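K.L.:
Based on what follows, work out the 3D shape:
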Amino acid sequence: MTRTTHSTPARGRARRLVPAAALALALGAGLAACGDEEPTGSADAASETADQAGSVTIGDPWVRATVGAEDTSMSAAFMTIDNDGDEDVTLVGASTEVAGMVEIHEMSMVDGAMAMQAVSDGLVVEAGRGKVLQPGGYHVMLMDLQGELAAGDEVELTLEFSDGSAQSLTAPVKEFTEEEGHYHEPGTGEHEHQ
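P.N.:
Sure, this is the predicted structure:
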């Protein structure tokens with residue numbers, strides 16, 4: 001949208017106002033030119049992507065503090081992801097400026113022991129359901145951290161989905177000691193959408 005500002009008498013008459021008819025003609029020509037560049041059907045595709053992205057709700061995000069941890073080069077983000085839509089949605093990646101590498105991880109049984117590993121095909125959130133990313137289960141692993149994360153800090157995080165949509169969120173950093181549990185302990189969570 002173009003905003004026209006008018007000169008006040010204090011600024012003098014050096015500026016002339018654009019007549020309304022000329023402004024309307026210029027805006028109309030500009031909008032027509034933009035319309036020619038838009039691919040056919042892209043409005044429908046954009047609307048569909050927006051609907052899918054709009055069906056995902058992120059709740060209670062937080063990141064484990066690294067201050068006082070043995071290894072301050074990594075942490076994890078936790079949250080709930082609810083899918084109110086009619087189609088499954090897959091979380092395929094994430095990004096943040098505080099980490100050099102970000103992956104979706106899970107705990108699973110490997111050779112008789114629980115081990116953390118990347119979820120190669122993404123994390124599917126079924127239609128009408130939700131996933132809990134929690135310590136000992138699914139989590140967003142933040143590796144090669146650019147600095148320590150202290151309780152009270154905030155981390156800007158962008159979640160990326162298989163339909164090409166993305167959601168940005170702000171996750172507070174919370175103190176999380178080894179005595180309270182470690183995010184690599186076994187366990188995953190799912191919850192029904194209410």
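K.L.:
for the protein, what are the low-confidence residue spans?
P.N.:
For the chain, applying pLDDT under 70 flags the ranges 1-54, 177-194.
K.L.:
So what touches the longest strand belonging to the chain?
P.N.:
Among all segments of the chain classified by DSSP state E, the strand with the greatest residue count is strand 99-110. For strand 99-110, contacts defined as Cβ atoms under 8 Å, 6 or more residues apart in numbering pick out 75-76, 91-96, 114-119, 122-123, 136-146, 184-188. Using the backbone N, CA and C atoms, a C-beta is placed for each residue, glycine as well.
K.L.:
hey, C-alpha coordinates of the one helix or strand Gln167 maps to in CSV?
P.N.:
Per DSSP states H and E, Gln167 falls inside strand 166-174. In CSV, the C-alpha atoms belonging to strand 166-174 read as follows (Å, rounded to 0.1, in the frame of the first residue of the first chain):
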residue,chain,number,x,y,z
ALA,A,166,7.4,-22.3,8.7
GLN,A,167,6.5,-21.0,12.1
SER,A,168,8.7,-18.7,14.1
LEU,A,169,8.5,-18.7,17.9
THR,A,170,10.4,-17.3,20.9
ALA,A,171,11.4,-19.9,23.5
PRO,A,172,12.4,-18.9,27.0
VAL,A,173,15.6,-20.5,28.4
LYS,A,174,14.9,-22.4,31.6
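K.L.:
buried stuff in it?
P.N.:
Using 16 or more other Cβ atoms under 10 Å as the test for burial, strand 166-174 gives Gln167, Ala171, Val173.
K.L.:
Columns distance to Gly128 on top of those residues, output as a markdown table?
P.N.:
Shown next, in a markdown table, are the buried residues of strand 166-174 (distance: Cβ to Cβ, whole Å):
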| residue | distance to Gly128 |
| --- | --- |
| Gln167 | 18 |
| Ala171 | 25 |
| Val173 | 32 |
